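K.L.:
need a structure here:
(3 chains)
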Amino acid sequence: MIRWWLLLLCVPSILAAQDPRLARLDPETRQIVAALVDSAQRAGLPVEPLVQRALEGVAKGAPGTRITAAVRRLAQDLGSARLALGESASAPELEAGAAALRAGATTDVLRRLHGVRRPPLTMALAVMADLVTGGVPADSAAAAVLALAPTARDADLIEFRRAVERDIALGASPATAATVRVNAGARTASPGRP
Amino acid sequence: MGIEEVETSDADLVRRVRAGETAAYGGLVSRYRDRLGRYARHMIGNREDAEEALQDAFVRGYRSLARCDDPARFGAWLYGILVNRCRTTGARAARRRRLFVHDEAALNGKHASRPDAAERTEFEDAVERALARLSAEHREAFLLKHVEDLEYEQIAHLTGAGVSALKMRVKRAREQLQMLLREAEHV
Amino acid sequence: MFEDRDEALDRVVRHLRRPVAIDPTFDRRVMAAIETPRRRTIAPWLAIAAVVATVFIGRAWLTGAGTASAFRFELVAPQAASVSLVGDFNDWDPHRTPMTARGGRTAGTWTAVLPLAPGRYRYAFLVDGAEWRADPRAPAAQDDDFGTPSSVLTVERS
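P.N.:
Next up, the predicted model:
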């Protein structure tokens, strides 16, 4: 009887640990993902991105092994991002930082960005990641964002990414597109929407 | 395709107005008054007529809110109404100016409430005069492109003109402004 | 700003972009005007279907500082019978955010509007419940070996 009551007392913590959304995963995958989520939570990392990554995998019918691999890698990247960006980094900053790391930026680049730009760094990190997925080599993307970061506004960084994408679409080599744009940006007054 | 940022609260306000809460329209007025007012002021050239066109646009916007099929883009939709109102009011104001000749710049300089009245410079007067000497079409294209910072496709939607015609208007407007400002320097 | 970097025109534009003074009673005047009853009554909101005059302009100026933002997602898929917007913002649940097809000239354009808090979101379009498509106008998300592409949207702090 006493044991039964003890079990009842434990229920809320079990429920808290097991996100009900993870019920969509097969039992084996769910167990691994729940453990990854749990340890991320204890480490003070944002867990919502991990849950969402798992749900993305389920929605797309990915095999469990790929889902757990993706979630594990993201948890590691979030941890590395926090080491580089500091304890005060917000969840969106960590998520964008993880994306930048996954894209090929180094933790040193994240640290330097943290040193030259006032928070939030979300957009700068996101632009770095997005440039790389757009084809810009990781070191060129990092160099470009670091060069712009001290003074550019978030809107300028977005505009920069769009301009690079346009240049690439028009046939420029991705590395050149980013470099040329940075150099052009140094001379040109910012477009400054009102 | 793609993503565009819009204003949630615009959609909410429009829905509330449509549901009968007229006062919610005040939120939309205060949100767009300054931005649209600036366009009207530069387009029409004097403050009274500009405010009349602006008020007219807001009132018409309210009365035809049913036709705003995308409440989240209320601002863009209202902009289209204002561009039209400025054309009408501007033309009327121009006719009146032909009847009662007066110096717009001097008239506007008289407004005590104008915050920058004291610091008005020759440059500002010259800009105002140069802008007034452009044709309405050229002024409209120049303001929408360079002051309101819209893309040509967006201006085409607002004005009904083709993109290539608009580019030509903007180019002409710039050439004329440069010429008029150079002239002003040498007067 | 200008291709030929004309200093004088740049200065003109800077001047013209400054705020202009508007009569402090302006808002009250507008509200008084709209609250004045008109003799002709308008058939309320029945005209919605009659006139469609959407203009697609400006992004930045539509978003005032400090207000929540929503995002319009669009996909052109004329052959599709249904399209869902699926992503981090709706737990990747294909039933949560069905997109709406716009009629008329823009037939085949599927849209959905979602309010989003600042953050970074992965998403994709699910066409006819089976085909995943990335957003052609958004940056691609990094591949996670899930077999189909996703896009990514970063929302700034407003």
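K.L.:
let me see the contact set for B:Gln176.
P.N.:
B:130, B:133-134, B:138 (Cβ atoms under 8 Å, 6 or more residues apart in numbering or on different chains). Where you see a C-beta, it was placed from the backbone N, CA and C, and this is true even at glycine.
K.L.:
beyond the lowest-mean-pLDDT helix or strand in chain B, next helix or strand please.
P.N.:
Lowest on mean pLDDT, DSSP states H and E among the helices and strands of chain B sits helix B:104-109, with a mean of 39. Next in sequence after helix B:104-109, counting helices and strands by DSSP states H and E, comes helix B:122-133.
K.L.:
and the strands in chain C?
P.N.:
Assigned by DSSP state E, chain C shows strands spanning C:69-76, C:83-87, C:100-102, C:109-116, C:119-127, C:131-133, C:151-155.
K.L.:
adding distance to chain B and mean pLDDT, write those out as CSV.
P.N.:
CSV is the format used below for the strands of chain C (distance: least, Cβ to the nearest Cβ, whole Å; pLDDT from 0 to 100):
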stretch, distance to chain B, mean pLDDT
strand C:69-76, 4, 82
strand C:83-87, 10, 95
strand C:100-102, 9, 84
strand C:109-116, 5, 85
strand C:119-127, 9, 93
strand C:131-133, 10, 93
strand C:151-155, 6, 89
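K.L.:
tell me the most buried of the ones you listed?
P.N.:
Ranked by mean neighbour count, those are led by strand C:83-87 with a mean of 26 (mean count of other Cβ atoms under 10 Å in any protein chain shown).
K.L.:
and B:Arg35, how far from chain C?
P.N.:
According to Cβ to the nearest Cβ, to the nearest Å, B:Arg35 stands 6 Å off from chain C.
K.L.:
okay, buried residues for the longest helix anywhere in chain A please.
P.N.:
As assigned by DSSP state H, the longest helix anywhere in chain A is helix A:64-85. Going by neighbour count (16 or more other Cβ atoms under 10 Å in any protein chain shown), the buried part of helix A:64-85 is A:64, A:66-82, A:84-85.
K.L.:
do stretch B:37-53 as well
P.N.:
B:37-47, B:49-53.
K.L.:
quick one: it to chain centroid distance?
P.N.:
Centroid displacement of stretch B:37-53 relative to its chain, using Cα atoms, centre = their mean, to the nearest Å, is 7 Å.
K.L.:
same deal with stretch A:51-61?
P.N.:
Worked out by Cα atoms, centre = their mean, stretch A:51-61 lies 16 Å from the chain centre.
K.L.:
buried set for it?
P.N.:
A:51-60.
K.L.:
dump the strands of chain C to TSV, plus distance to B:Leu78.
P.N.:
Output for these, formatted as TSV (distance: least, Cβ to Cβ, whole Å):
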stretch	distance to B:Leu78
strand C:69-76	17
strand C:83-87	27
strand C:100-102	21
strand C:109-116	18
strand C:119-127	29
strand C:131-133	34
strand C:151-155	25
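K.L.:
which one of these lies nearest to A:Ala163?
P.N.:
strand C:151-155 (16.6 Å; Cβ to Cβ).
K.L.:
where does pLDDT dip in chain A?
P.N.:
Under the criterion pLDDT under 70, the flagged ranges of chain A are A:1-17, A:169-173, A:180-194.
K.L.:
how is it carved up into domains?
P.N.:
Taking automatic domain parsing as the reference, chain A has its domains at A:25-85, A:89-194.
K.L.:
enumerate the residues of chain B near chain A.
P.N.:
B:35, B:148-149 (Cβ under 8 Å from any Cβ of the partner chain).
K.L.:
hmm, back to that, if any of the contacts of B:Gln176 are buried, put those into a PyMOL selection.
P.N.:
A single PyMOL command is used to select the members of these judged buried by 16+ other Cβ under 10 Å:
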select buried, chain B and resi 130+134+138
